[in-house]
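>>> Any chance you can model this:
(chains A and B)
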Amino acid sequence: MKEKNHISIVFVINGVATAVEANINEPLKAARNKALGQSNNTGRPMDEWQVHTEDGALLDADKKIEALGLEDGVRLLLSLTVGAGGC
Amino acid sequence: MHKVLKVHVPNSIVFQTATSLRKFGEHGYEGLVFWLGHIEETSCSVKEVMTPPQQSIRSEEGVGYFITSETLLEMNKFLSASGLRLIAQVHSHPGSAYHSPADDRYCIVTVEGGLSIVVPNFGSGPADLYKWAFYRLIQGQWKGLPCSTVQALFITDQEPPAPDDGFIDRVKKWFL
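Numbers count the residues shown, from 1 in each chain, chains lettered A, B, ... in the order given. Model (predicted):
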């Protein structure tokens, strides 16, 4: 059973879905960081991940979940801001 | 990926990877491909080589590649829809194979146990998995894998190499 003011958010990271419980009064980045930790995605700093809706809209991770209007069970896409390599 | 102890890589994947990277190398560029496949509990199998849209970079400071956020978002959607998983990123270097600071810093494989492979000489050498350099993400750091670990981790199959590797020509030389 979820705590009061908490919703479930499913983050898709490189195709893999990870569900976390999130407090709607916290910024989205708190849930994002929880999902990255829970899924063992340690290779890049957490603030280099962007959050998109399934429709492709970029969400401001500094905004509170409630302010973004996200509902229980929402599915979001987490992807990197850039990939690169070189020598 | 961190529990994976065996990675099955068909020879066709190795040849396809080398062929793709050589095409970039012919123009003096590094190239990047992804190995996609299926992951079980302690093993995984590479099923496809994917060459993402990429911007090749060449300057006095060196060579490199750049993948946009839009491409990475599309790849995320593709992986989710297909059920395929990102097993490794494979890229080429103009000379020796090693993980540069930029390779560490801007890697696209981000999950613990994920693999990054560097192919030397723009992939112009033989398509031999064991001549490439292997790195694995362990506790947030890219660690080079010694040859013995690579040999224990990777399983290749016995199917004949692709003709474009020059295998047929070498066979002809052996018998003539």
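>>> which regions of chain B lie under the pLDDT threshold?
For chain B, applying pLDDT under 70 flags the ranges B:158-176.
>>> is it true that residue A:51 lies in a helix?
No - per DSSP: H, G, I helix; E, B strand; the rest coil, residue A:51 lies outside any helix segment and is strand.
>>> Check it and give its pLDDT.
Here, the pLDDT recorded for residue A:51 equals 98.
>>> who's it bridged to?
residue A:59, residue A:78 (DSSP bridges).
>>> And for it, the neighbour number?
Residues lying near residue A:51 (other C-beta atoms under 10 Å in any protein chain shown) number 22. C-beta: built from backbone N, CA, C; applies to glycine.
>>> Spit out the contact partners of residue B:106.
Counting by C-beta atoms under 8 Å, 6 or more residues apart in numbering or on different chains, residue B:106 touches A:44, A:82-85.
>>> again, 6 Å this time
Applying C-beta atoms under 6 Å, 6 or more residues apart in numbering or on different chains, we find residue B:106 in contact with A:83-84.
>>> cool, and residue B:157?
Listed by C-beta under 6 Å, 6+ apart, the contact set of residue B:157 reads B:10-11.
>>> what does residue A:83 give?
With contact taken as C-beta under 6 Å, 6+ apart, residue A:83 is in contact with B:67, B:72, B:106, B:108.
>>> Now list the buried members of the residues you listed.
B:67, B:72, B:106, B:108 (16 or more other C-beta atoms under 10 Å in any protein chain shown).
>>> Filter the residues you listed down to the ones in strands?
Mapping the buried ones among the contacts of residue A:83 onto strands (DSSP state E) picks out residue B:67.
>>> Quickly list what residue B:34 is bridged to.
Going by DSSP bridges, residue B:34 is paired in beta bridges with residue B:50, residue B:89.
>>> That one contacts residue B:50, correct?
Yes - using C-beta atoms under 6 Å, residue B:34 makes contact with residue B:50 at a distance of 4.5 Å.
>>> thinking again about what came up before, farthest-separated two in the contacts of residue A:83?
B:72 and B:106 (11.1 Å; C-beta to C-beta).
>>> quick one on the thing from earlier: quick one: which of residue B:34 and residue B:50 has more around it?
Set residue B:34 next to residue B:50 and count neighbours by other C-beta under 10 Å: residue B:34 wins out with 24 against 15.
>>> Do a quick rundown of the strands in chain A.
A:6-13, A:16-23, A:49-53, A:58-59, A:74-80, A:83-86.
>>> residues from chain B in reach of chain A?
B:62, B:64-67, B:69, B:72-73, B:76, B:79-80, B:86, B:91, B:93, B:100, B:102-103, B:106-108, B:110-112, B:137, B:140 (C-beta under 6 Å from any C-beta of the partner chain).
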